[in-house]
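>>> can't give you the sequence, but here's the structure:
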């Protein structure tokens, strides 16, 4: 595997379910990100981890819970979601310092909340 | 506040040039980027420009930066049907934070 991978690619869940999204990067980067992409809206940065420490948390509802066990893996735990949480969830990674700050994205998980 | 704006849609004929425009508000941005998103895929970095440059050329892509007007453009020469996608402009406001525009959907007509 190369680059940034995300699983599952598609997820349908009810409002009472608990599920997790997984992201893995094979680029040797130190920073990882979760974004939410909704139709006709700019990408919304949700969480940033650098060297497994959370460095940014953009007022995201507590029904989204991130976890970064090591610099290659990032999870987004979901529980009691709402239909308006349906979106494409994108993971990204970047080197954490001395770079052009470019971020490399995974293919995303298309989430539908019923 | 921080804001990046783009027009929503552009349609061009195959073989013509495409120009996608973007305006941003944060004058302290170090880098500005263009990303491409094809259906069902994540964002792919196309190119970036350092804020002290006016122009960058990379094969069919030309990026122009007018820092005074906070205006960025992406020109795609000899546009092909495979260039049909959504193009996002983004500015870096810190080492961890990129602000993205809403994206411009490019449609290339045969």
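Received the coordinates, thanks. Only a predicted model underlies this, so the values are computations on that prediction, with no experimental measurement involved.

>>> now stretch A:23-33, how far from the chain's geometric center?
What separates the centre of stretch A:23-33 from the centre of its chain is 11 Å, taken as Cα atoms, centre = their mean, to the nearest Å.

>>> which residues touch it?
Applying Cβ atoms under 8 Å, 6 or more residues apart in numbering or on different chains, the contact partners of stretch A:23-33 are A:1-6, A:34, A:45-51, A:55, A:68, A:71-76, A:91-97, A:103-104, A:106, B:96. All C-beta spots, glycine's among them, are computed from the backbone N, C-alpha and C.

>>> what about burial for these, which qualify?
A:4, A:6, A:34, A:45-50, A:68, A:71-72, A:74-76, A:91-96, A:103-104, A:106, B:96 (16 or more other Cβ atoms under 10 Å in any protein chain shown).

>>> Next step: those restricted to strands.
Among the buried ones among the contacts of stretch A:23-33, the ones falling in strands (DSSP state E) are A:4, A:6, A:34, A:45-50, A:68, A:74-76, A:91-94, A:104.

>>> Which ones, among the residues you listed, also lie beside chain B?
When Cβ under 8 Å from any Cβ of the partner chain is applied, the members of those adjacent to chain B are A:4, A:6, A:45, A:48, A:50, A:92, A:94, A:104.

>>> what's the lowest-pLDDT member of the residues you listed?
When these are compared by pLDDT, residue A:50 scores lowest at 87.

>>> Identify the bridge partners of it.
Beta-bridge partners recorded for residue A:50 (DSSP bridges): residue A:31, residue A:53.

>>> Lowest-scoring secondary structure element of chain A by mean pLDDT?
Every helix and strand in chain A was compared by mean pLDDT, DSSP states H and E; the lowest is strand A:53-57, with a mean of 79.

>>> Remind me what it packs against, helices and strands.
Contacts defined by 3 or more Cβ pairs under 8 Å, 6 or more residues apart in numbering or on different chains; DSSP states H and E place strand A:53-57 against strand A:44-50.

>>> residues making contact with the strand it packs on?
Here strand A:44-50 has contacts from A:30-38, A:54-58, A:60, A:64, A:66, A:68, A:74, A:76, A:96, B:96-98, using Cβ under 8 Å, 6+ apart.

>>> Lovely, talk soon.
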